[in-house]
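*Asks:* Dropping the sequence and predicted coords here.
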Amino acid sequence: MLKIKVFVFNPIQENTYLLYDETKEAVIIDCGAYTDDEKKQLSDFINEKKLKLKHVLNTHLHFDHILGNSFLYETYGLKPEYNPADEAMPGVKEGIVKFGINAFKYDVVLAEQYIDDKDIISFGNTRLEALSTPGHSPGSLSFYSEKGACVFTGDALFRFDLGRTDLWGGDSEELLQSIENKLYTLPGETVVYPGHGEPSVIDEEIEYNPYV
């Protein structure tokens, strides 16, 4: 049975998801751990549950979703996996991003393995299907667990909202198509776990989201 632990990390209040099942194998989606305390929270939970981390996944490469990738690589020897379309994003390969009046620095860890639409990521008895959901960024992905009846949407779809498209590579029409064709076609009871904020359900999004 799929279990999901949610951490809210860094000043942008990004959702970091740790997924594991009865085999103790695990994956992390969008590790935003930035401070030493945040990194300790994450590693302490992994140690407490005796989990074996198998994959580090990124829905996209905006800085608040990748700040913890270097920590995971140094600690567990795993490089992130993501869609290569986001590697051209400004700041990704430089390891420094300005956000308002703040600048965030991080050690760059690039993928050795890329993820494309419909790729399957396996760990333990669990399978995640990668869904290409561009629009917030060119390489945005969502990760869908049919058995777990849930989808991790990054910044594509939020509870009764959707991702911004005014950043590099954003495209509002493309994002709407991603949501309608890839996310709204999932079973209605599918739980939506977004990159920020509270979860939702596909049926509720179809009925109540005013932006799609």
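*Replies:* Everything's here; your move.
*Asks:* low-scoring pLDDT stretches of the protein, where are they?
*Replies:* When the per-residue scores of the chain are filtered using pLDDT under 70, the ranges that remain are 101.
*Asks:* Do I have it right that Lys182 meets Gly135?
*Replies:* No: look at Lys182 against Gly135 with C-beta atoms under 8 Å: they stay out of range, at 10.2 Å. Heads up, the C-betas are built off the backbone N, CA and C, glycines and all.
*Asks:* Show me which of the two is the more surrounded one.
*Replies:* The residue with the greater number of neighbours, taking Lys182 and Gly135 and applying other C-beta atoms under 10 Å, is Gly135; the counts read 24 against 21.
*Asks:* Assess the claim that the more buried one and Leu176 are in contact.
*Replies:* Yes: in this structure, Gly135 is within contact of Leu176 by C-beta under 8 Å, at 7.1 Å.
*Asks:* Regarding Lys39, which helix or strand does it belong to?
*Replies:* In this structure, Lys39 sits in helix 36-49 according to DSSP states H and E.
*Asks:* buried set for that helix?
*Replies:* For helix 36-49, the neighbour count (16 or more other C-beta atoms under 10 Å) marks 38-39, 42-43, 46 as buried.
*Asks:* which of the residues you listed sit farthest apart?
*Replies:* With distances taken as C-beta to C-beta, the most widely separated pair in the buried residues of helix 36-49 is Glu38 and Ile46, at 13.1 Å.
*Asks:* picking that back up, ok, the buried residues of helix 36-49 vs Thr16, which is closest?
*Replies:* Distance to Thr16 across those (C-beta to C-beta) is lowest for Leu42, with 7.2 Å.
*Asks:* Please name the nearest non-neighbouring residue to the closest one.
*Replies:* Distance criterion C-beta to C-beta, 6 or more residues apart in numbering; nearest residue to Leu42, sequence neighbours excluded, is Ala33 at 5.3 Å.
*Asks:* And that neighbour, which helix or strand is it part of?
*Replies:* For Ala33, there is no host helix or strand (DSSP H and E).
*Asks:* where's it relative to Leu175, distance?
*Replies:* Noted for Ala33: a distance of 27 Å to Leu175, by C-beta to C-beta, to the nearest Å.
*Asks:* One more: Pro210?
*Replies:* Look at Pro210 and Leu175: by C-beta to C-beta, they are 15 Å apart.
*Asks:* Looking at the two, which one has more neighbours?
*Replies:* Leu175 (25 against 7).
*Asks:* so is the more buried one in a helix, a strand, or just coil?
*Replies:* On the three-state scheme (DSSP: H, G, I helix; E, B strand; the rest coil), Leu175 is labelled helix.
*Asks:* Return the residues in contact with it.
*Replies:* Contact criterion C-beta atoms under 8 Å, 6 or more residues apart in numbering gives 133-136, 156, 162-163, 165 as the residues in contact with Leu175.
*Asks:* ok, for it, nearest residue in space, not its chain neighbours?
*Replies:* Sequence neighbours aside, Gly135 is the residue nearest to Leu175 in space, at 2.4 Å (criterion: C-beta to C-beta, 6+ apart).
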